[in-house]
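K.L.:
Let's see this in three dimensions:
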Amino acid sequence: MRDAFLRTLDVDIDALDRRGARAYLSDRFEALAKRHKIRLTPLSRARITYFIERDFLGFGRLDVVMQDPSIEDISCDGSNLPIFIFHRRYDSIRSNVAFPGDDVLDGFVMQLVQRSGKHIS
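P.N.:
Next up, the predicted model:
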């Protein structure tokens, strides 16, 4: 389903403001669900919308962590390994977040590089 959704996108999401991007993604999702005659409960629709916005507008798996202003550093030593977070108050914390494969981790890093326009180590 993710691939089908990606194929419906014909606009550079980063070129839109946040509100416009949210509206565009919502419209594309609704059109895809309608085309495939997918019926969703309001809760399922809200969950899918959350994940679409998290993955396309936020930081994917790390979005919740990135929203915390007390996080000073995030460390990832590779796929299938837990992400470590350095918190101002609690110091180093082993999280339950991990990237399930090298391709997912590489994709995430490439997304960060493209958004930031900077080198990431």
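K.L.:
And the helices in this protein?
P.N.:
Secondary structure of the chain (DSSP state H): helices located at 2-8, 18-35, 42-56, 63-66, 102-116.
K.L.:
which stretch among those helices comes nearest Ser95?
P.N.:
Among the helices of the chain, the nearest to Ser95 by CB to CB is helix 63-66 (7.1 Å). (Each C-beta comes from the backbone N, C-alpha and C, glycine too.)
K.L.:
Can you report phi and psi for the residue nearest to Arg18 when sequence neighbours are not counted?
P.N.:
Once flanking residues are discounted, Arg18 sits nearest to Leu57: 6.7 Å by CB to CB, 6 or more residues apart in numbering. Main-chain torsions, Leu57, degrees, to the nearest 10: phi -110, psi -20.
K.L.:
ok now do Leu57, which residues does it touch?
P.N.:
Counting by CB atoms under 8 Å, 6 or more residues apart in numbering, Leu57 makes contact with Ile13, Arg18, Ala21, Arg22, Leu25.
K.L.:
among those, who's most crowded?
P.N.:
Highest neighbour count within those: Leu25, with 22 neighbours (other CB atoms under 10 Å).
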